[in-house]
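J.: Predicted model follows, preceded by the sequence.
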Amino acid sequence: MIGKTQAAGRRFQFILIKPSHYDADGYVVQWVRSTMPSNSLAAVYGLALGAAERQILGPDLPIDVHAMDETNTRVKHRQLIQLIKQNGGLGLVGIVGVQSNEFPRAVDIARPFRAAGIEVLIGGFHVSGCLAMLKDTQVDIKLAQDLGICIYAGEAEEGLDEVIVDAARGELKPLYDHMKHLPDIGSVPSPPYLPYDFVTRTIGNTTSFDAGRGCPFQCSFCTIINVQGRKSRYRTPDSVEQILRMNYAQGVNRFFITDDNYARNKDWEAIYDRIIKLREEDGMDIRFCIQVDTLCHKIPNFIDKSKRAGVTRVFIGLENINPANLIAAKKRQNKITEYRKMLLEWKRVGIMTYAGYILGFENDTPESIKHDLEIIKKELPLDMLEFFVLTPLPGSEDHKVLYEKGVWMDPDMNKYDVEHVVTAHPKMTAEEWMNAYRTAWGYYYTDEHLETIMRRAYATGINLRSLRTVLFWFSSAVPIEGLHPLQWGIFRIKHRRDRRSGLPIEPIIPFYARYAADIARKLVMVGMRWRHLTKIIQRVQADPNAKFYMDEALTAVADEDSEHMELYTQNEAARVAVERERRVAAKAIGNGAAVLIANGRATNGNGASTHAAGNDHADAEHAHSHEPEALRPEAVPPAV
């Protein structure tokens, strides 16, 4: 606690900044409205408000908490420095939730503050992942520390108070390492929270929170398991209700639950029951997007309760349809034999499906990628597919293995955004790999397939106008803006002087002339794209038989699918995987029948009890492997 005489007449300014990253020309990627509020920022902001309310610096040194997301708000250094000086000169700038591709920008944000003698702290997945997996301090982290920037590794629930107190005393340490202790988030009194005016700077009046953290599985490209740990931790239903009510009271009623895999939250049903009560008894119109695995449909009632709880969209870590690639990445829980069953179950209840698909596994080639996408278009009833370049993200096993072997990886962290090639591939050149990523979007989102997606959606009860918005976003971001849909926003903002350190400031006239021309070009493309999708909707709705649309992807799953569907016959790995699952199923049925006979309840082996035995096996299999999608930009913990 700060002494009264030292703190008299002062207010401690705690400024939280979620950084953006740089585009190919070195300008900050920023929008009038960005896609999604940061869960990391919301979590740390909530904790900071709690620290201020508890007066951890004493009654004579109040704490003012400010938050900004650089994807929709410009960081104005002069104003922020002046704010701290006007309030007595005590303050801390916390640059939070920093991912690897954001780290160069985070350091650039810190430079003017450090030059003014203001304390700066950087935390997030990049520094936490590097400390968790690598023995040596990385060059970029060492550079930040040389500038006097404090590094915070780990989660903030039990370490933020110490940081604030040390900063107020002028005794901020070079490193706060909380990686070895994972806090119990179920008992945190200060939940994730962002004020309404902050949320309105994003698209769709949506905010985010995590109902759980950690994952027990082993995917080699995943950073979650090495930063959040392999022991899952959860918020209580009471805590989730508190988050929902706080946001609903300020007019925010759309939520993205950032858990890497909500289906494996042990309290998913209790949380859903609480949400269902809020919706059906208390009349709260709250809706959700969640992330799940490819075996979620095997959990009794999970999909039906998702519908009742207001889930409108689900993100699924599909990742690949080649079993050899999945095994190589230690993602053994993904079974191609379950893909159609799972997707059809979501279709049954009218919930939109997104899937992540990673390009660049060891068996991929430009030709195989195109072939796989053709299979997906024909045989899997997906609504949206989004692509990622397989990237050895710091904090992942992939990165650690390559680093320890001395394999070349691009030193520019700004490229570690799962949109750039940053290391070599055994079967593709860097150019071929990058081209495969760029062309995958256009190859999947053809006019013909866009209409197919809409016809499937119309026949299964999904609102076409809502789908149009999402399809527009995912099919248009790369061709229009050259950025992944998760990085896109409404109306790009560029500030001439907000450029990466080391690059020159461009002259005014050429910069703004090019900027204006770029805006005009993109507005034309946006208008044409939107009009085109509207025409497809009109064509589908005008078809008197549209409600009865059927194709191969929508047909019910049958045993004979494995004989003719290319998903199951595309290569030897697929055929082996199908045969293995047949043996597993046969064994499960046999075990189930034996149990029933032993209990004096023999049936023909097709009853509910046998089905439960099959589920037990699936859960046991799932417990030994993993990948809930770890590459989404906001699948991150609230590290400072």
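T.: That came in fine, so what should we check first? Residues are numbered from 1 along each chain as shown.
J.: doesn't K400 make contact with L134?
T.: Yes. Judged on C-beta atoms under 8 Å, L134 makes contact with K400 at a distance of 6.6 Å. Quick note: C-beta positions are derived from backbone N, CA and C, even for glycine.
J.: More neighbours: the two, which one.
T.: Under the criterion of other C-beta atoms under 10 Å, the comparison of L134 against K400 puts K400 first, with 20 against 16.
J.: Send me stretch 349-369 as PDB with only the CA atoms.
T.: Output of stretch 349-369 as PDB, limited to C-alpha atoms (Å, rounded to 0.1, in the frame of the first residue of the first chain):
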ATOM      1  CA  VAL A 349     -31.600 -27.800 -34.900                       C
ATOM      2  CA  GLY A 350     -30.900 -25.000 -37.400                       C
ATOM      3  CA  ILE A 351     -27.600 -23.700 -36.000                       C
ATOM      4  CA  MET A 352     -25.000 -22.300 -38.300                       C
ATOM      5  CA  THR A 353     -21.600 -24.100 -38.500                       C
ATOM      6  CA  TYR A 354     -18.200 -22.700 -39.000                       C
ATOM      7  CA  ALA A 355     -15.200 -24.900 -39.400                       C
ATOM      8  CA  GLY A 356     -11.500 -24.200 -39.200                       C
ATOM      9  CA  TYR A 357      -9.300 -25.900 -41.800                       C
ATOM     10  CA  ILE A 358      -5.500 -25.800 -41.700                       C
ATOM     11  CA  LEU A 359      -3.400 -25.800 -44.800                       C
ATOM     12  CA  GLY A 360       0.200 -27.100 -44.700                       C
ATOM     13  CA  PHE A 361       0.200 -30.400 -42.900                       C
ATOM     14  CA  GLU A 362       3.000 -32.700 -44.000                       C
ATOM     15  CA  ASN A 363       0.900 -34.600 -46.500                       C
ATOM     16  CA  ASP A 364      -0.600 -31.500 -48.200                       C
ATOM     17  CA  THR A 365       0.200 -30.400 -51.700                       C
ATOM     18  CA  PRO A 366      -1.600 -27.800 -53.800                       C
ATOM     19  CA  GLU A 367      -3.300 -30.600 -55.700                       C
ATOM     20  CA  SER A 368      -4.400 -32.500 -52.600                       C
ATOM     21  CA  ILE A 369      -5.700 -29.300 -51.000                       C
END
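J.: so how far is it from its chain's centroid?
T.: Here stretch 349-369 shows a centroid-to-chain-centroid distance of 16 Å under the convention C-alpha atoms, centre = their mean, to the nearest Å.
J.: buried stuff in that stretch?
T.: For stretch 349-369, the neighbour count (16 or more other C-beta atoms under 10 Å) marks 349, 351-361, 364, 366, 368-369 as buried.
J.: Repeat that for stretch 308-326.
T.: Neighbour count says stretch 308-326 has 309-326 buried, by 16+ other C-beta under 10 Å.
J.: Check stretch 458-472 too.
T.: Neighbour-count burial for stretch 458-472 [16+ other C-beta under 10 Å]: Y458, A459, T460, I462, L464, L467, R468, V470, L471, F472.
J.: Any stretches of the protein with poor pLDDT?
T.: The model of the chain has pLDDT under 70 over residues 1-8, 560, 588-640.
J.: Longest helix of it, counting residues only.
T.: helix 508-542 (DSSP state H).
J.: and it, what other elements does it pack with?
T.: helix 447-459, helix 464-481, strand 489-493 (3 or more C-beta pairs under 8 Å, 6 or more residues apart in numbering; DSSP states H and E).
J.: If we use 6 Å, what do you get?
T.: helix 447-459, helix 464-481 (3 or more C-beta pairs under 6 Å, 6 or more residues apart in numbering; DSSP states H and E).
J.: Out of the ones you listed, which gets nearest to K85?
T.: Closest of the helices and strands packed on helix 508-542 to K85 is helix 464-481, at 38.3 Å (criterion: C-beta to C-beta).
J.: May I have stretch 437-445 as PDB, with CA atoms only?
T.: Extracted in PDB, the C-alpha atoms of stretch 437-445 (Å, rounded to 0.1, in the frame of the first residue of the first chain):
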ATOM      1  CA  TYR A 437      -3.900 -20.500 -48.900                       C
ATOM      2  CA  ARG A 438      -5.000 -17.500 -51.000                       C
ATOM      3  CA  THR A 439      -6.700 -19.600 -53.700                       C
ATOM      4  CA  ALA A 440      -8.500 -21.800 -51.100                       C
ATOM      5  CA  TRP A 441     -11.000 -19.100 -50.300                       C
ATOM      6  CA  GLY A 442     -12.000 -18.600 -53.900                       C
ATOM      7  CA  TYR A 443     -12.000 -22.300 -54.600                       C
ATOM      8  CA  TYR A 444     -14.400 -23.000 -51.700                       C
ATOM      9  CA  TYR A 445     -16.600 -19.900 -52.000                       C
END
